[in-house]
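J.: this one's structure only:
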Ligand code: XMP
């Protein structure tokens, strides 16, 4: 593994952002909980101590053995991390008189210090802390201040240990990236050579060593993560990887055929399983969203197990797990006690007893896309909107029938194709159509109609956790409404969802 920066997490909402910023500098880094410090190998070039929702003054506040780290390699304490350094070595940390939150400007910067190189006077920084460092311990020197925070940044004399009370990782800190570059490049000496190509070569070599001549099975979804993971495994072990792509009858119009075709073009050994009817049978009469999800999950596992059994001697299960899935469970109390179901082997389908291989489990989503592009995976797969596992089943409110699926597929197809044709697809994070469980009165020609209503939804988001509805042009929406009502039999009304998440969610079920 390449040289890396270790980020010790005290539970701040911004810890993942620190990691992303460091990686944007082409330096590999990993987040570990403060109370589970990995072995400090020579590959670790520096340590960043994150912020925290806790106060260093709280009883039982997160703590670590700083003596074992100090002076051995460069350390940068951010917010809580800096306050911990100050408090532990005899400084004074008190509640801020006014909560220091929001924008501030560096009114004094000592650019002699490597951390402050090329930082400009007046540079905007983002503060977010309820405590503040009032007095520094002996041997600590102030290297930057704002008008209200004297100790905005400090250094410990004679060693590369620094603390900053602002957050360099958020975009509101205008020169935050420069400061992080100063730390990881100037101070830690990282070479900035961690790129997609390096990742690909190292991962393929690792996969070869790990899997050898064993066989791997993997379920594909048509989405970015599973496609990129499968391509990497395929590059490593070739035909020993068998992929399974299931047509659950809840995909978009023509999606099964088109995606299967792309996979075949990419050289993947992929089995397409058309089991629509089994899913429709399992869903018959179910109206409650969670029951629908459970039924779909159950049938998927049955089908996948059946397919995995057809591969003699298969030992591994490939998965497209990405870094946020792995670190989401890191809490300040350490990883949560809940064990992932596939570790709990009793009574599970046979494929779950396979060893798991997850080549993307250190990457963020945008990094997965970059790797996918470097692997020359078609843009139709890389740039695709997220699509939920249960597919159209959670966009048909109420019970599912093959006929309703067909209606929604037509509506969704017109909408998505329209977004593409009007250059709007890439402006939107996720879009789709929802078939509502109501009828409304309309008039077509001289006839009164009593037909279905569909809702269109298009949102902007970064990670799906929060989302805003997109202000699509009225002309475009008008055009979509006309096309849908004219072309899709049984639909006489189109509405546009203008709710944000929270309080609404992206999906309707
Ligand atoms: P919500 O509706 O919770 O959706 O705002 C956030 C993101 O998650 C997707 N989603 C799902 N994905 N299985 C999935 O694989 C599900 O059951 C599921 N429910 C929601 C949703 O499409 C959006 O991207």
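T.: Here it is on my side, so go on. The shown structure was predicted, so the numbers you read here are calculated from the model rather than taken from an experiment. Residues are numbered from 1 along each chain as shown.

J.: From the ligand, how far out is residue 36?
T.: 29 Å (Cβ to the nearest ligand atom, to the nearest Å). Bear in mind the C-beta positions are built from the backbone N, C-alpha and C, glycine included.

J.: how close does that residue sit to residue 427?
T.: Distance, residue 36 to residue 427, using Cβ to Cβ, to the nearest Å: 41 Å.

J.: Equivalent analysis for residue 269, please.
T.: In terms of Cβ to Cβ, residue 269 sits 36 Å off from residue 427.

J.: got it, and residue 386?
T.: From residue 386 to residue 427 the distance is 15 Å (Cβ to Cβ).

J.: for residue 176, same thing?
T.: Separation of residue 176 from residue 427 (Cβ to Cβ) stands at 27 Å.

J.: ok, these two, which is more surrounded?
T.: residue 176 (24 against 13; other Cβ atoms under 10 Å).

J.: got the contact list for the more buried one?
T.: Each residue near residue 176 by Cβ atoms under 8 Å, 6 or more residues apart in numbering is listed here: 21, 125-126, 167-170.

J.: Quick check: phi and psi on it?
T.: For residue 176, the backbone dihedrals (degrees, to the nearest 10) come out as phi -60, psi -40.

J.: Equivalent analysis for residue 492, please.
T.: phi -120, psi 10.

J.: residue contacts, it?
T.: Counted by Cβ under 8 Å, 6+ apart, residue 492 has contacts 440, 442, 444, 449, 451-453, 485.

J.: Please apply the same query to residue 350.
T.: Residue 350 neighbours (Cβ under 8 Å, 6+ apart): 305, 308-309.

J.: Could I have the PyMOL command that selects the buried members from those residues?
T.: Remark: buried members of the contacts of residue 350, expressed as a PyMOL selection using 16 or more other Cβ atoms under 10 Å:
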select buried, resi 308
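
J.: returning to that earlier point: show me which pair in the contacts of residue 176 is furthest apart.
T.: Maximum pairwise distance in the contacts of residue 176, criterion Cβ to Cβ, is 14.2 Å, between 21 and 125.

J.: And these two? Which one has more around it.
T.: The neighbour comparison of residue 21 against residue 125 (other Cβ under 10 Å) goes to residue 125, with 26 against 23.

J.: Where does that one sit, in terms of helix or strand?
T.: Element membership for residue 125 (DSSP states H and E) is strand 124-135.

J.: Can you list the buried residues in that strand?
T.: Residues 124-129, 131-133 are the ones in strand 124-135 that count as buried (16+ other Cβ under 10 Å).

J.: swap in stretch 249-269?
T.: For stretch 249-269, by 16+ other Cβ under 10 Å, it's 249-253, 255-256, 259-260, 262-263, 266, 268.

J.: Contact residues of the protein facing the ligand?
T.: 293, 386, 388-390, 430, 464, 501, 505-507 (Cβ under 6 Å from any ligand atom).

J.: Just the buried ones out of these, please.
T.: 293, 388, 390, 430, 501, 506.

J.: Tell me the pLDDT of residue 128.
T.: Among the per-residue scores, residue 128 shows a pLDDT of 84.

J.: Now for residue 367: which residues touch it?
T.: 23, 196, 199.

J.: separation between the closest residue in space to residue 262 that isn't next to it in sequence and the ligand?
T.: Excluding the flanking residues, the one nearest residue 262 by Cβ to Cβ, 6 or more residues apart in numbering is residue 378, at 5.6 Å. When distance is defined by Cβ to the nearest ligand atom, residue 378 is 21 Å away from the ligand.

J.: In contact with residue 378, which residues?
T.: Residue 378 neighbours (Cβ under 8 Å, 6+ apart): 262, 265-266.

J.: Could I get those in a markdown table, plus columns for secondary structure, distance to residue 212 and pLDDT?
T.: Converted to a markdown table, the contacts of residue 378 look like this (DSSP: H, G, I helix; E, B strand; the rest coil; distance: Cβ to Cβ, whole Å; pLDDT from 0 to 100):
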| residue | secondary structure | distance to residue 212 | pLDDT |
| --- | --- | --- | --- |
| 262 | helix | 29 | 95 |
| 265 | helix | 28 | 95 |
| 266 | coil | 23 | 95 |
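
J.: Could you point out which of those is nearest to residue 74?
T.: residue 266 (42.5 Å).

J.: Next, that closest one: phi, psi?
T.: According to degrees, to the nearest 10, residue 266 has phi -80, psi 0.

J.: Could you do the one 4 residues further on as well?
T.: When quoted as degrees, to the nearest 10, the phi and psi of residue 270 stand at phi -120, psi 130.

J.: which residues sit in contact with it?
T.: By Cβ under 8 Å, 6+ apart, the contact set of residue 270 is 220, 242-245, 260, 263-264.

J.: Which of the residues you listed fall within strands?
T.: Counting by DSSP state E, those place 220, 242-245 in strands.

J.: gap between the closest residue to the ligand within the stretch 201-350 of the chain and residue 286?
T.: Per Cβ to the nearest ligand atom, residue 293 is where the stretch 201-350 of the chain lies closest to the ligand, at 5.2 Å. According to Cβ to Cβ, residue 293 stands 10 Å off from residue 286.

J.: need the contact list for residue 217.
T.: 241-244, 307-308, 311, 314, 316-318, 351, 354.

J.: Any idea what it is bridged to?
T.: residue 242, residue 317 (DSSP bridges).

J.: From the contact counts, what lies against the helix or strand just after the strand holding residue 125?
T.: Sequence-wise, the next helix or strand downstream of strand 124-135 (DSSP H and E) is strand 140-146. Helices and strands touching strand 140-146, as assessed by 3 or more Cβ pairs under 8 Å, 6 or more residues apart in numbering; DSSP states H and E, comprise strand 92-109, strand 153-156, strand 161-164.

J.: how close does residue 55 sit to the ligand?
T.: 32 Å.

J.: How about residue 40?
T.: As judged by Cβ to the nearest ligand atom, residue 40 and the ligand stand 37 Å apart.

J.: returning to that earlier point: which among the contacts of residue 350 gets closest to residue 42?
T.: residue 308 (40.7 Å).

J.: secondary structure class for the closest one?
T.: Classification of residue 308 using DSSP: H, G, I helix; E, B strand; the rest coil returns helix.

J.: Would you check that residue 26 makes contact with residue 196?
T.: No. Residue 26 lies out of contact with residue 196 (Cβ atoms under 8 Å); the separation is 9.8 Å.

J.: Now do the same contact list for the residue of the stretch 1-150 of the chain found nearest the ligand.
T.: Sorted by distance to the ligand under Cβ to the nearest ligand atom, the residues of the stretch 1-150 of the chain start with residue 16, at 17.3 Å. Residues near residue 16 by Cβ under 8 Å, 6+ apart: 31, 324, 327, 364.

J.: Please enumerate the helices of this protein.
T.: Secondary structure of the chain (DSSP state H): helices located at 15-24, 80-88, 176-181, 196-211, 224-237, 255-265, 276-283, 289-309, 323-327, 365-374, 379-382, 402-421, 474-487.

J.: For residue 106, which of those helices is the nearest?
T.: Here helix 176-181 is closest among the helices of the chain (Cβ to Cβ), at 10.2 Å.

J.: Let me see the mean pLDDT of that closest one.
T.: What helix 176-181 shows for mean pLDDT is 98.

J.: Repeat that for stretch 201-210.
T.: So the average pLDDT for stretch 201-210 ends up being 97.

J.: Buried residues, that stretch. List them.
T.: 203-204, 207.

J.: One more: stretch 166-175?
T.: Result for stretch 166-175 [16+ other Cβ under 10 Å]: buried residues 166-169, 173-175.

J.: Okay, now the unreliable bits of the stretch 101-250 of the chain?
T.: Along the stretch 101-250 of the chain, segments meeting pLDDT under 70 are nowhere present.

J.: repeat that with 80
T.: Per-residue confidence for the stretch 101-250 of the chain (pLDDT under 80) gives these ranges: 101, 129.
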